[in-house]
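K.L.:
fold the following, please.
(chains A, B, C, D and E)
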Amino acid sequence: MKKLDILTPIGLVLAFALVMFGISMGGTGIKPFIDMPSLAITLGGSFSAVLVTFSIADIKKIPKYFKLCTTSNNLYKMDLVDQFKEISKKIRKDGVLAIEEEVSQIEDEFLKKGLELVIDGVDTESIKEILETEIAEKEVLYSGGSKMFKVWGSYAPAFGMVGTLIGLIQMLTDMGSPEVIASGMSKALITTFYGALFSNAVLNPIGFNIEGKGEKEVVFMEMMICGISSIQNGESTRVIEEKLIAFLDDKERAKYYKREGNEKVADLDGA
Amino acid sequence: MKKLDILTPIGLVLAFALVMFGISMGGTGIKPFIDMPSLAITLGGSFSAVLVTFSIADIKKIPKYFKLCTTSNNLYKMDLVDQFKEISKKIRKDGVLAIEEEVSQIEDEFLKKGLELVIDGVDTESIKEILETEIAEKEVLYSGGSKMFKVWGSYAPAFGMVGTLIGLIQMLTDMGSPEVIASGMSKALITTFYGALFSNAVLNPIGFNIEGKGEKEVVFMEMMICGISSIQNGESTRVIEEKLIAFLDDKERAKYYKREGNEKVADLDGA
Amino acid sequence: MKKLDILTPIGLVLAFALVMFGISMGGTGIKPFIDMPSLAITLGGSFSAVLVTFSIADIKKIPKYFKLCTTSNNLYKMDLVDQFKEISKKIRKDGVLAIEEEVSQIEDEFLKKGLELVIDGVDTESIKEILETEIAEKEVLYSGGSKMFKVWGSYAPAFGMVGTLIGLIQMLTDMGSPEVIASGMSKALITTFYGALFSNAVLNPIGFNIEGKGEKEVVFMEMMICGISSIQNGESTRVIEEKLIAFLDDKERAKYYKREGNEKVADLDGA
Amino acid sequence: MKKLDILTPIGLVLAFALVMFGISMGGTGIKPFIDMPSLAITLGGSFSAVLVTFSIADIKKIPKYFKLCTTSNNLYKMDLVDQFKEISKKIRKDGVLAIEEEVSQIEDEFLKKGLELVIDGVDTESIKEILETEIAEKEVLYSGGSKMFKVWGSYAPAFGMVGTLIGLIQMLTDMGSPEVIASGMSKALITTFYGALFSNAVLNPIGFNIEGKGEKEVVFMEMMICGISSIQNGESTRVIEEKLIAFLDDKERAKYYKREGNEKVADLDGA
Amino acid sequence: MKKLDILTPIGLVLAFALVMFGISMGGTGIKPFIDMPSLAITLGGSFSAVLVTFSIADIKKIPKYFKLCTTSNNLYKMDLVDQFKEISKKIRKDGVLAIEEEVSQIEDEFLKKGLELVIDGVDTESIKEILETEIAEKEVLYSGGSKMFKVWGSYAPAFGMVGTLIGLIQMLTDMGSPEVIASGMSKALITTFYGALFSNAVLNPIGFNIEGKGEKEVVFMEMMICGISSIQNGESTRVIEEKLIAFLDDKERAKYYKREGNEKVADLDGA
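P.N.:
The predicted structure is shown next:
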């Protein structure tokens, strides 16, 4: 179900390429922009603050968070409409147990669990409670990832400033010729440069990326809950279809109606 | 239903004209303010961060977002009151099926769908759920567009600062005569200038513009839901009118009452 | 019902007088602080961004917004308690139709409409829906005005910075003697000065002013809804009084109880 | 019920003492830090903006706000538990009218009014509505005070910057020897110093102080509502006790249980 | 139940070690970075502002807050699922009183109290109210701690700036040779350095740390409420299990299902 979210690496590479290009326009080459101790203060220091901020369990999720921001789920809403329509028709014809086999082959864990509970005859309230708790749990995952990168993205420029202040204080304490001062000043600014760059080209974008994916995932899960509830309430295929179509955006809806075309009339008869 | 929102281009042109005017007051001409590499870092870099932030599906909506901010929907609330009053009267006289033809000619997809569901006899709860899901979907569209431009508007000055830091570091690394330093400093500041200008004259205003339009659209849709529910509940024409008038602002209301004038008394008799 | 809010002009005049006083303490006079092109960039530029941000309908409301922030409504809560007590007693004695004439003379449109609906026998739910929609509409007005000035207040310093950057870049491009540089720098700072001054002495305060008035207006309207609902539910005069008194603050309540004095006992007997 | 909140003056004096100490470490004495015109611009100017922001009614509450931040209410939750337990037992033994005299001696206006309404036999819904309106009114008071000081605390540094810009522009317009420049610069920075100091040592802390007290007061009032509702619903003394104990924090609870000790068993028998 | 949260000290030590490392790369040694008066202004001044901001009761909780951020609760969700499953089975077999002894041995105060109330036959509504009040009280504790450190973290850089302004004003008032100026400037910057460092390496991370722990604790308590309610409503062991599993994240769930393995089938039979 997961596929590579190609935009994330493209954007990251592009941002650094453009910065490189900007650097190459000056006459100094890349050398003055590479300084390991500055990197240690800015990235290392801000990551230390991240360690204080979060628990071990959260830190262990960092690989998972990276996976979240470099892949994207296939959230095909149209397929979901079709799936629910089919299930609804089957149930109306042969009863709720008729879908047992079909359900066992559903890939999505959330949808599968929901329909299994329907088949098992669990009451509507409990099903809703269970599925909404799962959504809340999913939101905790995504918002946790988003928060970690955003918080990191707020620490990075701060540690950049700390580094610059260290450089400035040292430079002012131990003044030499103007050239020496200028060179000290130049070094002092590198941590601010690192802080601004990592925060705005990497950390904040990744934080927002995970946030946005979480929001979409949640809407998709709410669409499933809507369908499952309708199925359990024994609503007509037509109403279920209308309820689910409401989750499509303009473009998807146009596509859906176009595909349906003449089919639609036939459908309504059978509903 | 869409018409050009003339204020958006006017405001954009005016802002740049005023900045040009400000530049022309100095003795240097426009030349020192045009620098392609600086533009690449500031606009290109911040757009790269936007690519990391959003998914392909979101990025593909950029043309749509531009359309949202340069056009405005005709949200004539008074016409809507009239429309609902007419429908209500017809239904009270000839039953719900009497409006079938009228409904089929309604241009607004949302209103049409809602009234069709009423005619089809779908239950109140389901209709409300369907229409509110559509509103939520509309809100996702507008808030998505608003967020994209606001986030871009926060990256732009940051990349402006990154560019300025690159310039400063290069200048300080490779110091020459004071004139050379001044010219380097001048160049370094251009990215900050670009970042501040694009963020505050273009990106943030467009972000707020889309947000504001979304809010108005949602109120208009809620007004429709209010009318549709009232129709389905079989409320009197008078009550429906009062409920919808409550959505008008002072000015619209004054206009409405003025137009009604003597009509009003007659209306009440027929309600 | 509206009266001049004398504090708004006083505060504005005072702020500018103090700034003038501060300027007069230096030896340069007012001249270096007046520069039309700088004003054009800062105020004109930020207003252009406001034009992009809002719709024509919003922009047309600017005169209304100015009226909102320079006048204040008479929201005499104690009078409202008295009014409702009287109405309640009348209804309990002579029935709901007995208040028809009294209601027709009420000045406040909102209260009048609410009580008319009660007299007309519209059901409680519908009345509440109508009146709450009106409150929401009122909130849209006030929050719209508040947002416009606050957004403007955030653009103004940004355009001030844009102006300062223009000045700096020009100065650095075309360096002359130190005096020339200082004078250019001085000019460059004027836009930042304008931006900070207008934002913090005019735009933000007006934005907060409108916001605060809206909040008070809404509480007053909610107090009316509370009274109207209680009347319709046929609650006792005593309970209505208690419900409305709960909206008074400590000072108003002390005043109210003092005035009531011995009256109170008599009231309770008649309730 | 009110007692002096000794921490507020201690904190204020300490902050200024530490700043004085910092100043005394330099060789210049206090003189360069005292400048009346700078104070006029920074404090006077920001207060002018406060006048524009708020209404006369709000401004008149400033003495009240000062009283709020220098005193603290005795919110003894444990005493409240005892009080309610006693009332509950009395009612269960002798009926609701038996507490009339006890209630008339309660000092807290809110609790007294609530219990009086219970004695008068007003229905649960109305009592809850009345008491919750009072809480809302209390929240308006505290949040109003908090907002005033926080808004002032945001204006103060802004006017500090305005003052500094005035100084800088004057200094750059009228350059003399380096010493003159330095002295002008020094003066220009004083307004920024005042703005930062007052905002962070006085205004913002007071704003947060009032906010925090409001939150505690509201929880205390909600605890009273909880008790009053339980009394009216005729719940058992044991359940009322459990409900109220839930409002205690760990420390208070430990203290409460320790005090109860063996009593507890006896209590349960009598419940 | 509490164990050391090792990440907090590790992060703190690491951040300071990296800053030390950064300092050691310059040629000046640690000496110019240690200045007691600067520390007094920055940390002492900001703590004074904290004293104004909070009440004595809040300040007394600082040791508790430190304990919160250096320890972490064992929130083993899987064990909780097992515990509830066992209790549910016992109740279904032998009635609610059969769990009395088991409950008396539960360590967690919250869970124990909840189940005791069930055994005592208190009604569902009251139990929910009591337990939710306890959660609210817990949230007050955590959010209070989080707010204290975050507010402190916002005062610290502000007092750092106040200190720097004092240094600058003194330096500019009393100018000597360039070396003297540089050294004064260097000293002036130390307070800003302290403010930025403490705020971003210590205070803000601790504030966020407490916030995050509070959120996890609350979810854990909500999971307990969910289980207790289900027990009281007499739901089947299967449904209780499903409801509680919904609180597990992906990893925990995988682990849980793996452990259950064949057990699961047997379980369902006995449910």
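K.L.:
ok, residue A:88 touching residue A:238?
P.N.:
No - taking contacts as C-beta atoms under 8 Å, residue A:88 lies outside contact range of residue A:238: 9.3 Å. The C-beta positions use only the backbone N, C-alpha and C, and glycine is treated the same way.
K.L.:
neighbour count for these two, which is higher?
P.N.:
When residue A:88 and residue A:238 are compared for neighbours, residue A:88 comes out ahead with 23 against 17, by other C-beta atoms under 10 Å in any protein chain shown.
K.L.:
for the stretch 101-250 of chain A, what spans make up the helices?
P.N.:
For the stretch 101-250 of chain A, the helices defined by DSSP state H, counting those that start in this stretch occupy A:109-119, A:124-173, A:178-197, A:204-232, A:237-245, A:250-260.
K.L.:
how deep is residue A:77 tucked in, by neighbour count?
P.N.:
17.
K.L.:
cool, residue A:109 as well?
P.N.:
Residues near residue A:109, counting by other C-beta under 10 Å: 11.
K.L.:
what pLDDT does it get?
P.N.:
pLDDT recorded at residue A:109 is 91.
K.L.:
any figure for the gap between it and chain D?
P.N.:
37 Å (C-beta to the nearest C-beta, to the nearest Å).
K.L.:
now do the contacts for that residue.
P.N.:
If a contact means C-beta atoms under 8 Å, 6 or more residues apart in numbering or on different chains, then residue A:109 has no contacts.
K.L.:
same check on residue A:210?
P.N.:
A:65, A:68-69, A:142, A:145-146, A:149.
K.L.:
list the contacts of the residue of the stretch 151-271 of chain A found nearest chain D.
P.N.:
Chain D sits closest to residue A:172 of the stretch 151-271 of chain A, with a gap of 16.3 Å, by C-beta to the nearest C-beta. Shown in contact with residue A:172 (C-beta under 8 Å, 6+ apart): E:182-183, E:185-186, E:189.
K.L.:
also near chain B: which of these, exactly?
P.N.:
Among the contacts of residue A:172, proximity to chain B is found for none (C-beta under 8 Å from any C-beta of the partner chain).
K.L.:
can I get those residues in TSV including pLDDT and neighbour count?
P.N.:
Converted to TSV, those look like this (pLDDT from 0 to 100; neighbours: other C-beta atoms under 10 Å in any protein chain shown):
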residue	pLDDT	neighbour count
E:182	78	17
E:183	77	18
E:185	85	19
E:186	84	23
E:189	94	23
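K.L.:
residue A:70 against residue A:8, yeah?
P.N.:
Yes - contact criterion C-beta under 8 Å: residue A:70 and residue A:8 qualify, at 5.2 Å.
K.L.:
okay, those two: which has more neighbours?
P.N.:
Between residue A:70 and residue A:8, counted using other C-beta under 10 Å, residue A:8 has the larger neighbour count: 22 against 17.
K.L.:
need the phi and psi values for the more buried one.
P.N.:
Backbone torsions of residue A:8, given as degrees, to the nearest 10, read phi -60, psi -60.
K.L.:
residue A:226 versus that one, what's the distance?
P.N.:
30 Å (C-beta to C-beta, to the nearest Å).
K.L.:
quick check: closest non-adjacent residue to the residue of the stretch 51-200 of chain A found nearest chain C.
P.N.:
The minimum distance from the stretch 51-200 of chain A to chain C, using C-beta to the nearest C-beta, falls at residue A:182 (16.4 Å). Distance criterion C-beta to C-beta, 6 or more residues apart in numbering or on different chains; nearest residue to residue A:182, sequence neighbours excluded, is residue B:172 at 4.4 Å.
K.L.:
same check, this time on residue A:98
P.N.:
Closest to residue A:98 by C-beta to C-beta, 6+ apart is residue A:90, at 5.2 Å.
K.L.:
ok, residue A:141 next?
P.N.:
Nearest non-adjacent residue to residue A:141, counting by C-beta to C-beta, 6+ apart: residue E:249, 6.3 Å away.
K.L.:
for that neighbour, grab the count of nearby residues.
P.N.:
17.
K.L.:
residue contacts, it?
P.N.:
With contact set as C-beta under 8 Å, 6+ apart, residue E:249 has these partners: A:137, A:140-141.
K.L.:
mind checking pLDDT for it?
P.N.:
For residue E:249, pLDDT reads 90.
K.L.:
flag every residue of the stretch 1-150 of chain A that's near chain B.
P.N.:
A:5-8, A:10-12, A:14-15, A:18-19, A:21-23, A:25-28, A:32-33, A:72.
K.L.:
distance from stretch A:208-219 to the middle of the chain?
P.N.:
4 Å (C-alpha atoms, centre = their mean, to the nearest Å).
K.L.:
try stretch A:182-198
P.N.:
Offset of stretch A:182-198 from its chain centre (C-alpha atoms, centre = their mean): 31 Å.
K.L.:
for stretch A:199-210, same thing?
P.N.:
With C-alpha atoms, centre = their mean, you get 11 Å for stretch A:199-210.
K.L.:
my read: residue A:184 touches residue A:166, true?
P.N.:
No - contact criterion C-beta under 8 Å: residue A:184 and residue A:166 do not qualify, at 10.9 Å.
K.L.:
mind checking how far the residue of chain A most remote from its centre is from residue E:178?
P.N.:
The C-alpha centroid of chain A is most remote from residue A:177, which lies 51.5 Å away (C-alpha atoms, centre = their mean). According to C-beta to C-beta, residue A:177 and residue E:178 sit 12 Å apart.
K.L.:
cool, and residue A:4?
P.N.:
58 Å.
K.L.:
flag the shaky bits of chain A, pLDDT-wise.
P.N.:
Low-confidence segments of chain A (pLDDT under 70): A:1, A:176, A:262-271.
K.L.:
distance of the residue minimising distance to the centre of it relative to residue E:215?
P.N.:
Geometric centre of chain A, nearest residue: residue A:210, 2.5 Å, by C-alpha atoms, centre = their mean. Residue A:210 is 17 Å from residue E:215, where distance means C-beta to C-beta.
K.L.:
okay, now the residue of the stretch 1-150 of chain A found nearest chain C: neighbour count?
P.N.:
At 16.3 Å from chain C, residue A:26 is the closest residue in the stretch 1-150 of chain A, using C-beta to the nearest C-beta. Around residue A:26 there are 21 other residues, counting by other C-beta under 10 Å.
K.L.:
quick check on it: phi, psi?
P.N.:
Dihedral angles (degrees, to the nearest 10) for residue A:26: phi -80, psi 170.
K.L.:
who are the contact partners of residue A:252?
P.N.:
Listed by C-beta under 8 Å, 6+ apart, the contact partners of residue A:252 are A:77-78.
K.L.:
ok, it to chain E distance?
P.N.:
Taking C-beta to the nearest C-beta, one finds residue A:252 at 28 Å from chain E.
K.L.:
who's more crowded, residue A:184 and residue A:166?
P.N.:
Taking other C-beta under 10 Å, residue A:184 and residue A:166 do not tie; residue A:166 has more neighbours (26 against 21).
K.L.:
in this structure the more buried one contacts residue E:18, no?
P.N.:
No - using C-beta under 8 Å, residue A:166 makes no contact with residue E:18, being 10.9 Å away.
K.L.:
quick check: neighbours shared by the two?
P.N.:
With C-beta under 8 Å, 6+ apart as the test, residue A:166 and residue E:18 both reach residue A:41.
K.L.:
coming back round to it: gap between the residue nearest to residue A:182 and residue B:128?
P.N.:
Applying C-beta to C-beta to residue B:172 and residue B:128 gives a distance of 65 Å.
K.L.:
can you check residue A:131 too?
P.N.:
21 Å.
K.L.:
who has more neighbours, the two?
P.N.:
Between residue A:131 and residue B:128, counting by other C-beta under 10 Å, residue A:131 is the more crowded of the two (23 against 16).
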